[in-house]
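Peer 1: predicted model and sequence below, questions to follow.
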Amino acid sequence: MKKLGCLLLGLSAIALAGCNGLDHKEKAAELIGGEGGLPPEYLQIPNWKDCLSTENMGSFSEYCMPTTDKPANCPQASWDKLKEIKMKACS
């Protein structure tokens with residue numbers, strides 16, 4: 001069988017047989033959850049959903065920091081932490 005190598009596409013990794021001597025299942029297991037596979041930092045902040053807005057990006061929505069004042073039901077400590085981690089601002 002011809003050695004093909006590995007192909008990485010964005011967040012998805014396609015591992016092909018013969019890549020670095022590992023079969024495709026071993027290589028996929030190595031890549032999943034690796035560098036860059038950590039959850040976003042804002043998920044660790046209590047009540048983050050009470051503080052953030054969502055923005056429609058076409059085929060998906062993402063959370064972002066409101067450009068207006070802090071929402072009334074957002075705890076101040078959570079708001080401060082979201083600003084500290086430089087959460088992306090809504091447009």
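Peer 2: Sure thing, it's come through.
Peer 1: can you give me the strands for the chain?
Peer 2: Secondary structure of the chain, counting by DSSP state E: strands at 6-9, 12-15, 53-56, 61-64.
Peer 1: ok, residues contacting stretch 73-90?
Peer 2: 41-42, 45-48, 50-53, 55, 62-67, 70 (CB atoms under 8 Å, 6 or more residues apart in numbering). Yep, even glycine has a C-beta here, placed from its N, CA and C like the rest.
Peer 1: quick one: which of those residues sit in helices?
Peer 2: In this view, the contacts of stretch 73-90 that belong to helices under DSSP state H are 48, 50-51.
Peer 1: identify each buried residue in stretch 45-58, please.
Peer 2: Residues of stretch 45-58 classed as buried: 45, 48, 51-52 (neighbour count, 16 or more other CB atoms under 10 Å).
Peer 1: next one: stretch 54-71
Peer 2: 63-66, 70.
Peer 1: need those in JSON lines (columns: distance to Met87 and pLDDT).
Peer 2: Shown next, in JSON lines, are the buried residues of stretch 54-71 (distance: CB to CB, whole Å; pLDDT from 0 to 100):
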{"residue": "Tyr63", "distance to Met87": "8", "pLDDT": "95"}
{"residue": "Cys64", "distance to Met87": "7", "pLDDT": "96"}
{"residue": "Met65", "distance to Met87": "4", "pLDDT": "96"}
{"residue": "Pro66", "distance to Met87": "10", "pLDDT": "95"}
{"residue": "Lys70", "distance to Met87": "12", "pLDDT": "95"}
